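Peer 1: 3D model of this:
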Amino acid sequence: MEEGSRKSSDGLYRVLEFYSGIGGMRYSIMRAGMSATMVEAFDINDKANDVYEHNFGHRPYQGNIQNLTAADLDRYEADVWLLCPPCQPYTRQGLQKDSGDARASSFLRILELMQHMLQPPLMFFVENVVGFEISDTHKQMIEILVKTGFVAQEFILNPLQFGVPYSRPRYFCLAKRKPLSFQNPRFNNQLLWSPTPILGSDDGLMDENVVQSCEPIENFLEVEPSSNQSESADLDLFHTSRVPGMVCTTLETKVEENGCGTGSLSQYIVPLGLIERWGSAMDIVYPDSKRCCCFTKSYYRYVKGTGSLLATVQPKKKGKFTPLKDQGLRYFTPREVANLHSFPEIFQFPQHIGLKQRYALLGNSLSVAVVAPLLRYLFVEPL
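Peer 2: As a prediction, the model looks like this:
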């Protein structure tokens, strides 16, 4: 097959997912509507693989990818590599060991192997935390991409720029191997903080107008106030689902039906002791808020700096102060976190995955609302 146009016999791009997690990349491909076949997925986390298998009917390769060879990768004949390597070496809260961190080794190994392949991929996509772009690992990645004939465009983007009320900025690298080229080549070898090339406008500039243009958080909740309640009612948020195609009478029933939660509503209520101790450090949002903080893998285990909490009681009068203990604080449910990650309604957790594990797996995932248009832009061929 001619170089730069390699596809499977059915005309579909062949895709490898590295660090596949709970399937965020695969859902992004689906949302992007791209012609692709997933050849293999790789992840060492058995719980993540349980979730992936539950939703897609295929269990990712769970061996150590550092044991793969260039010949192994050639045998997949993959056109596209999608990678979400561990972010811990590059996070601000971590030790910032960069490429010296053992968790960076597998990604560096994959980059090394790409140089020795007979059929390296045609397209390459990486997602990681902000900070990766100034790392030594990033420098090595770019050097190898250049050496193997790729041209790259890089982005730091946020779901807020795509209308989702969720602040989760992430770094992305999109690369194509020559003679393939991007639809907007003028952005080659640049790091952009706006989705201008993929949206075709400057609408993605980060300012207050972007936040105001986001949907309200209530559109991503499992539940909303019942229709027979007055506007001044304090509670409750425990009736009709906001997720299209899902209806229930109580949150407990809903959680049971959609496979994204466990147990009853009571476990989502923030204990008074935590409010008294950590209230000043909590990020509190309301159903009509248009921004919430990033949910980390430690959400629900800790309340400080791990994600926003939802106040189910708002002051009856604007500007009137209501003590935190009277605001009906609760954690976002796993389904709601999945909604803010823009995972589809069909996504479910298998029953044996515990609540804390669900939050941890979601915290390590990605925003489908951001990745899908990036992948669409990567796949599109210039006119």
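Peer 1: name the surrounding residues that touch the helix or strand where residue 146 lies.
Peer 2: For residue 146, the enclosing helix or strand under DSSP states H and E is helix 136-147. For helix 136-147, contacts defined as C-beta atoms under 8 Å, 6 or more residues apart in numbering pick out 89-90, 98-99, 104, 107-108, 111-112, 114-115, 124, 126, 132, 152, 173, 175. Bear in mind the C-beta positions are built from the backbone N, C-alpha and C, glycine included.
Peer 1: give the rounded mean pLDDT of it.
Peer 2: pLDDT averaged over helix 136-147 equals 96, rounded to a whole number.
Peer 1: what residues of it count as buried?
Peer 2: Residues of helix 136-147 classed as buried by neighbour count (16 or more other C-beta atoms under 10 Å): 137, 138, 140, 141, 142, 144, 145.
Peer 1: following the chain onward from it, which element is next?
Peer 2: strand 150-157.
Peer 1: closest to residue 381 among the buried residues of helix 136-147?
Peer 2: Proximity of the buried residues of helix 136-147 to residue 381 (C-beta to C-beta) peaks at residue 145, which lies at 19.5 Å.
Peer 1: about what we covered before: just the buried subset of the contacts of helix 136-147, please.
Peer 2: 89-90, 98-99, 104, 107-108, 111, 114, 124, 126, 132, 152, 173, 175.
Peer 1: what residues does stretch 48-58 touch?
Peer 2: For stretch 48-58, with C-beta under 8 Å, 6+ apart as the criterion, the contacting residues are 20-23, 26, 38, 41, 43, 59-60, 62, 346-350, 352-353, 361, 364.
Peer 1: for it, buried residues please.
Peer 2: For stretch 48-58, the neighbour count (16+ other C-beta under 10 Å) marks 48, 49, 50, 51, 52, 54, 55 as buried.
Peer 1: before we move on, what about stretch 274-294?
Peer 2: Using 16+ other C-beta under 10 Å as the test for burial, stretch 274-294 gives 275, 279, 282-287, 289-294.
Peer 1: and stretch 72-81, end to end?
Peer 2: 14 Å (C-alpha to C-alpha, to the nearest Å).
Peer 1: likewise stretch 16-26?
Peer 2: By C-alpha to C-alpha, the extent of stretch 16-26 from end to end equals 10 Å.
Peer 1: and that stretch, average pLDDT?
Peer 2: Here the mean pLDDT over stretch 16-26 is 97, rounded to a whole number.
Peer 1: which among the buried ones among the contacts of helix 136-147 gets closest to residue 341?
Peer 2: Compare each of those with residue 341 using C-beta to C-beta and the shortest gap goes to residue 126, at 18.3 Å.
Peer 1: residue contacts, the nearest residue in space to that closest one that is not next to it in sequence?
Peer 2: Closest residue in space to residue 126, ignoring its immediate chain neighbours: residue 173 at 4.3 Å, by C-beta to C-beta, 6 or more residues apart in numbering. With contacts taken as C-beta under 8 Å, 6+ apart, residue 173 has the following neighbours: 124, 125, 126, 141, 152, 153, 154.
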